[in-house]
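Enquirer: mind looking at a prediction? Sequence and model below.
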Amino acid sequence: MIRVYTKTRHVNSIDKFLNSIQLEHEIFTTKSPPSPEHEFEPFDLGVSYSYPRKITKELLSIPSKGFVNYHAAPLPEYKGWLVYDEAIENKETHWGVTLHEIDEHYDTGPIIKRVNINLHEPPVSKEQLGSIGHWFMFHLFKQTIADVYNGSYSSKSQIVNAEEIYTKNL
């Protein structure tokens, strides 16, 4: 079973897709968290999909297949929650979304897949960049979740990935 932690606005699309590929799942939000007696029951794979809270070390230790995060920004360059503000300030014309393993730190786990996005011009609002990022992130989710659940993926350290990205941009 997959346990997804997300924002309320993503519940319907995630639920509909996971049902369509017949993956057993449950979805929780900050407004609808698991009950205290259910919170630490075993599950196979944990998924943070644009979830606004850090997954605790105790919760990370439960799923047998680990925890992954669908992050609406390119890692390792843009970590945390202020990514859109930082991108606008930096007048970014390149963006991306990232799927990575979750470790005990924030947005530092090994990268499974990153989708790079070329923007025609720098974004002017968080809403504009957010809608672009979330559109690509949901497609990344649909392309990868079954493979992640089945363990059919590889990942690379963000440090190695940053060096590769830097080299490619020279």
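Expert: The structure has been received and is ready for your questions. Residues are numbered from 1 along each chain as shown.
Enquirer: residue ranges with poor pLDDT in the chain?
Expert: By pLDDT under 70, the low-scoring segments of the chain are 160-170.
Enquirer: centre-most residue in it?
Expert: Centroid-nearest residue in the chain, with C-alpha atoms, centre = their mean: Y70, separated by 1.0 Å.
Enquirer: correct me, but that one touches H139?
Expert: No: using C-beta atoms under 8 Å, Y70 is not in contact with H139; the gap is 10.6 Å. For every residue, glycine as well, the C-beta is placed using N, CA and C.
Enquirer: ok, and the closest non-adjacent residue to G66?
Expert: Nearest non-adjacent residue to G66, counting by C-beta to C-beta, 6 or more residues apart in numbering: E101, 6.1 Å away.
Enquirer: kindly report the same for V47.
Expert: In space, and not counting its chain neighbours, V47 is closest to V4: 4.5 Å by C-beta to C-beta, 6+ apart.
Enquirer: repeat that for K57.
Expert: Nearest to K57 is E104, by C-beta to C-beta, 6+ apart, at 5.5 Å.
Enquirer: returning to that earlier point: any idea what the residue nearest to G66 is bridged to?
Expert: When bridges are called by DSSP bridges, E101 pairs up with V68.
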